[in-house]
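S.K.: Give me a model of this one.
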Amino acid sequence: MLELVVAFAVGIILIGVLLKLLSLPLKLMWKFITNSVAGAVMLWVVSLFGVPIKINIISALVAGIFGLPGVIAVIVYAYL
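M.R.: Next comes the predicted model:
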């Protein structure tokens, strides 16, 4: 009976560890997606002021990951 309880406890711990390891990449992917959307929105707002910016996935990722410095970098790149 003791072996059954120990095996059950080890199984529960392994399942918990496995779920924790699988949730980390999903959190990272979700962060990249939300940052990309936020970057695209920031670039869209800047383009409303007449800056000729092409909003694509790369510029949205740069603006989303780096924030305001990323938006400035995309604007500088648009004028090159």
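
S.K.: Quick check: pLDDT value at I75.
M.R.: The per-residue pLDDT reported for I75 equals 89.

S.K.: count of neighbours near the residue lying closest to it once chain neighbours are set aside?
M.R.: Nearest residue to I75, sequence neighbours excluded (CB to CB, 6 or more residues apart in numbering): V51, at 5.7 Å. Where you see a C-beta, it was placed from the backbone N, CA and C, and this is true even at glycine. For V51, the neighbour count with other CB atoms under 10 Å is 14.

S.K.: where's V51, which helix or strand?
M.R.: Per DSSP states H and E, V51 falls between elements, in no helix or strand.

S.K.: And for the one 3 residues further on?
M.R.: With the criterion set as DSSP H and E, no secondary-structure element contains K54; it sits in neither a helix nor a strand.

S.K.: for it, phi and psi?
M.R.: When read as degrees, to the nearest 10, the backbone of K54 gives phi -90, psi 120.

S.K.: Surely it and Y77 touch.
M.R.: No - with contact defined as CB atoms under 8 Å, K54 and Y77 do not form a contacting pair (10.0 Å).

S.K.: was I right about A38 contacting F66?
M.R.: No - using CB under 8 Å as the test, A38 is too far from F66 to be in contact (11.4 Å).

S.K.: Check this protein and tell me which residue is nearest its centre.
M.R.: Nearest to the mean C-alpha position of the chain, by CA atoms, centre = their mean, lies F32 at 1.4 Å.

S.K.: For the helix or strand encompassing that one, name the packing helices and strands.
M.R.: Per DSSP H and E: F32 is located in helix 2-48. Here helix 2-48 touches helix 57-66, helix 68-78, going by 3 or more CB pairs under 8 Å, 6 or more residues apart in numbering; DSSP states H and E.

S.K.: Format those helices as JSON lines; extra columns: distance to G11 and mean neighbour count.
M.R.: Formatted as JSON lines, these follow (distance: least, CB to CB, whole Å; neighbours: other CB atoms under 10 Å):
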{"stretch": "helix 57-66", "distance to G11": "39", "mean neighbour count": "18"}
{"stretch": "helix 68-78", "distance to G11": "45", "mean neighbour count": "15"}
